[in-house]
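**Student:** any chance you can model this:
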Amino acid sequence: MSNLQARAMRRVPTEPERLLWARLRDRRLGGYKFRRQHPIGAFVADFACLERRLIVEAEGGQHVESEYDAFRSEWLHAQGWRVIRFWNNEVRENPNGVAEAILLVLQGREASK
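**Tutor:** This is a model prediction of the structure:
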């Protein structure tokens, strides 16, 4: 996906993306730098921490059991990225808790599921 398409996506974020970005931007989360709507190959990650090769996705209902998302995640994993996903309602209802979960992953201290 081109940088122009990613830039267009940054102009119209979803509410969960805005809530997450408020916590991730400007190194607000543990000093880690995130990029928003970052192109990686043919895909655009909602949020990417290049330093830790971590992608954070805010997902809506259209992503339930999505074969495309599974293919995308496999490709990203093969490129050395880790992908974590949060449902939009999780982000809306508990944005600080989601941010804490992301920080635990960044620090390698995430709870096992």
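**Student:** pLDDT below threshold where in the protein?
**Tutor:** 1-2, 4-12, 61-65, 111-113 (pLDDT under 70).
**Student:** now the strands for it?
**Tutor:** 35-40, 43-49, 54-59, 82-87 (DSSP state E).
**Student:** using JSON lines, lay out these together with distance to R28 and mean neighbour count.
**Tutor:** Where you see a C-beta, it was placed from the backbone N, CA and C, and this is true even at glycine. JSON lines is the format used below for the strands of the chain (distance: least, CB to CB, whole Å; neighbours: other CB atoms under 10 Å):
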{"stretch": "strand 35-40", "distance to R28": "13", "mean neighbour count": "19"}
{"stretch": "strand 43-49", "distance to R28": "12", "mean neighbour count": "22"}
{"stretch": "strand 54-59", "distance to R28": "14", "mean neighbour count": "21"}
{"stretch": "strand 82-87", "distance to R28": "17", "mean neighbour count": "16"}
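**Student:** okay if I get these as a markdown table plus distance to E93?
**Tutor:** Below are those laid out as a markdown table (distance: least, CB to CB, whole Å):
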| stretch | distance to E93 |
| --- | --- |
| strand 35-40 | 21 |
| strand 43-49 | 18 |
| strand 54-59 | 13 |
| strand 82-87 | 9 |
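**Student:** show me the contacts for the residue most central in space within the chain.
**Tutor:** With distances taken as CA atoms, centre = their mean, V56 lies nearest the centre of the chain, 1.8 Å away. Contact analysis of V56 by CB atoms under 8 Å, 6 or more residues apart in numbering lists L20, L24, F34, A45, D46, F47, A48, C49, I84, R85, F86, I102.
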